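Chemist: Pasting the sequence and the predicted coordinates here, then a few questions.
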Amino acid sequence: MNNRIGKYLVQKVTGEYYKAYIPPKLMPELKINLNHIYPNLEKATHVLAQLNSLTKSVPNPSLFIYMYVRKEALLSSQIEGTQSSFSDLILFEHQQKTDISLEDVEEVSNYVKALNHGLDRLKNGFPLSLRLLCEIHSILLSGVRGSKKQPGEFRRSQNWIGGTRPGNAIFVPPPVHDMIECLSDFEKFLHNRNISVLIKAAISHVQFETIHPFLDGNGRLGRLLITLLLCDGGMIDEPILYLSLFLKENRTVYYQLLQQVRTEGSWEVWLEFFLEGIFKSANQAITTINSINELFAEDFKKISSLGRARFSCIDTLEYLKRLPQISVPILSKDLNISAPTARVSLNHLVKLKIIEEVTNKKRDKIYVYRNYLNILEDGTTPLID
């Protein structure tokens with residue numbers, strides 16, 4: 001008997017038969033050959049350590065964490081079809097008008113809140129558990145699409161992926177009774193300390209997506225789970241990895257491999273893919289940190305050449321790091337400076353080619369820290385099916 005592959009359970013609804021999938025139990029029953037995976041594991045572990053160390057040495061680590069959490073939230077939501085952009089999210093969080101559906105950007109904002117809630121709970125000693133996942137799920141679906149699909153509660157009915165009903169679905173997760181047993185085994189695996197954190201994260205993600213315990217939000221929560229496991233396991237101190245960019249860019253392969261694990265037990269192939277994603281994502285994050293640091297240093301040097309105006313310009317630049325798209329009234333209000341001072345500071349930054357004015361209007365001008373925003377938005381163009 002192959003313990004690496006689950007089994008199908010024939011079910012019937014409204015006179016139609018379908019097959020629901022019951023995944024295999026995890027360790028120690030699940031036998032995976034890690035011998036040829038170790039080089040990939042070592043590479044991924046090494047570059048994660050580099051990223052973790054680099055993040056501690058940057059001038060403003062809280063800024064990077066702030067932006068990284070939002071980038072991961074955006075990318076993970078885009079995999080599910082959300083059309084929000086990075087600038088939309090930042091504007092929304094600062095109570096500014098966006099150009100897209102409010103519901104789309106609220107979904108991304110909820111992801112940020114959900115991730116932060118999970119990380120705060122872990123830092124305060126709460127275990128990574130089914131209860132915590134339910135708390136996170138409740139925040140994830142609060143007030144958005146899916147808010148009527150039992151937020152924070154495991155499903156009490158059959159769900160499916162693809163198709164219009166279980167009978168023509170691409171994949172049908174376990175029925176409710178079997179799901180409860182699968183979740184119990186899954187929670188025990190989350191507490192297993194005898195396995196590499198990266199391997200655990202890879203296996204946990206597949207198992208969670210296969211169980212599909214909620215009526216909505218399983219994809220986003222399953223990817224959020226990866227970050228929680230890496231932080232809880234000490235691989236990274238803060239959520240500084242946006243793996244969802246790799247998964248978004250390889251979305252077709254990503255979904256194919258999830259299904260291939262279920263049908264063929266191809267765990268090693270999935271692990272290689274996952275570890276490659278960690279390796280590439282960590283390297284991308286390192287490149288992003290270095291690019292942003294270089295940009296900030298160059299722009300600070302430009303401002304230093306000014307006279308007395310440099311003081312208000314430095315304050316303006318610091319503000320632009322959190323809100324890269326601003327207007328005179330916003331800057332004046334938030335920095336508690338006069339509108340003329342705000343306007344002069346912004347005009348100085350325009351002349352220094354640090355920011356650009358994008359409206360070409362005499363009034364209601366909008367200024368954008370374009371070079372910074374370009375770095376942050378790399379890879380975040382919404383998917384078009």
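Modeler: Cool, the structure landed. Numbers count the residues shown, from 1 in each chain.
Chemist: Correct me if wrong: residue 369 contacts residue 325.
Modeler: Yes. Contact criterion C-beta atoms under 8 Å: residue 369 and residue 325 qualify, at 7.4 Å. All C-beta atoms are positioned from the backbone trio N, CA, C, and that covers glycine.
Chemist: Compare those two and say which is more crowded by neighbours.
Modeler: Of the pair residue 369 and residue 325, residue 369 is the one with more neighbours under other C-beta atoms under 10 Å, namely 23 against 19.
Chemist: can you tell me how far the more buried one sits from residue 76?
Modeler: Counting by C-beta to C-beta, to the nearest Å, the gap from residue 369 to residue 76 is 25 Å.
Chemist: Quick check: nearest residue in space to residue 141, chain neighbours excluded?
Modeler: Closest residue to residue 141 apart from its sequence neighbours, by C-beta to C-beta, 6 or more residues apart in numbering: residue 151 at 3.9 Å.
Chemist: actually residue 295, not the one I wrote
Modeler: residue 371 (5.7 Å).
Chemist: How about residue 174?
Modeler: Going by C-beta to C-beta, 6+ apart, residue 174 has residue 22 as its nearest residue, at 4.9 Å.
Chemist: Any idea what that neighbour is bridged to?
Modeler: On the basis of DSSP bridges, residue 22 is bridged to residue 7.
Chemist: is it true that it touches residue 177?
Modeler: No. The pair residue 22 / residue 177 is not scored as a contact, 10.3 Å apart, by C-beta under 8 Å.
Chemist: Is the residue nearest to residue 295 within a helix or a strand, and which one?
Modeler: helix 370-376 (DSSP states H and E).
Chemist: Restricting to C-alpha, output that helix in PDB.
Modeler: Provided in PDB are the C-alpha atoms of helix 370-376 (Å, rounded to 0.1, in the frame of the first residue of the first chain):
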ATOM      1  CA  ARG A 370       8.400  57.000  -8.700                       C
ATOM      2  CA  ASN A 371      11.800  55.300  -8.400                       C
ATOM      3  CA  TYR A 372      10.900  53.900  -5.000                       C
ATOM      4  CA  LEU A 373       7.400  52.800  -6.100                       C
ATOM      5  CA  ASN A 374       8.900  51.000  -9.100                       C
ATOM      6  CA  ILE A 375      11.100  48.900  -6.900                       C
ATOM      7  CA  LEU A 376       8.200  48.100  -4.500                       C
END
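Chemist: How far off centre is that helix?
Modeler: 19 Å (C-alpha atoms, centre = their mean, to the nearest Å).
Chemist: Show residues contacting that helix.
Modeler: Contacts of helix 370-376 with the rest of the structure, by C-beta atoms under 8 Å, 6 or more residues apart in numbering, involve 67, 71, 86-87, 288, 291-292, 295, 320-321, 324-325, 354-356.
Chemist: do the same with stretch 322-336
Modeler: 63, 66, 87, 90-91, 94, 96, 315-316, 319-320, 337-339, 341-343, 345-346, 364-370, 372-373, 376.
Chemist: do stretch 7-23 as well
Modeler: Residues from elsewhere that reach stretch 7-23 (C-beta under 8 Å, 6+ apart): 6, 158, 165-167, 169, 171-175, 178, 182, 207, 210-211, 262.
Chemist: tell me the helices in the stretch 1-150 of the chain, going along the chain?
Modeler: 38-57, 61-79, 86-93, 102-123, 130-140 (DSSP state H, counting those that start in this stretch).
Chemist: now these in JSON lines, with distance to residue 196 and mean neighbour count?
Modeler: Below are the helices of the stretch 1-150 of the chain laid out as JSON lines (distance: least, C-beta to C-beta, whole Å; neighbours: other C-beta atoms under 10 Å):
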{"stretch": "helix 38-57", "distance to residue 196": "6", "mean neighbour count": "16"}
{"stretch": "helix 61-79", "distance to residue 196": "22", "mean neighbour count": "22"}
{"stretch": "helix 86-93", "distance to residue 196": "32", "mean neighbour count": "21"}
{"stretch": "helix 102-123", "distance to residue 196": "19", "mean neighbour count": "20"}
{"stretch": "helix 130-140", "distance to residue 196": "21", "mean neighbour count": "20"}
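Chemist: Which one, of those, ends up nearest to residue 309?
Modeler: When the helices of the stretch 1-150 of the chain are compared by C-beta to C-beta, helix 61-79 sits nearest residue 309, at 23.7 Å.
Chemist: Rounded mean pLDDT for the closest one, please.
Modeler: Helix 61-79 shows a mean pLDDT of 85.
Chemist: Please apply the same query to stretch 104-118.
Modeler: 89.
Chemist: Send me that stretch as CSV with only the CA atoms.
Modeler: Output of stretch 104-118 as CSV, limited to C-alpha atoms (Å, rounded to 0.1, in the frame of the first residue of the first chain):
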residue,chain,number,x,y,z
ASP,A,104,-10.4,44.3,-4.0
VAL,A,105,-8.1,46.5,-2.0
GLU,A,106,-10.0,45.7,1.3
GLU,A,107,-9.2,42.0,0.7
VAL,A,108,-5.5,42.8,0.5
SER,A,109,-5.7,45.0,3.6
ASN,A,110,-7.4,42.2,5.5
TYR,A,111,-4.5,39.9,4.5
VAL,A,112,-2.1,42.3,6.1
LYS,A,113,-4.2,42.5,9.3
ALA,A,114,-4.6,38.7,9.4
LEU,A,115,-0.9,38.1,9.0
ASN,A,116,0.0,40.7,11.7
HIS,A,117,-2.5,39.1,14.0
GLY,A,118,-1.1,35.7,13.6
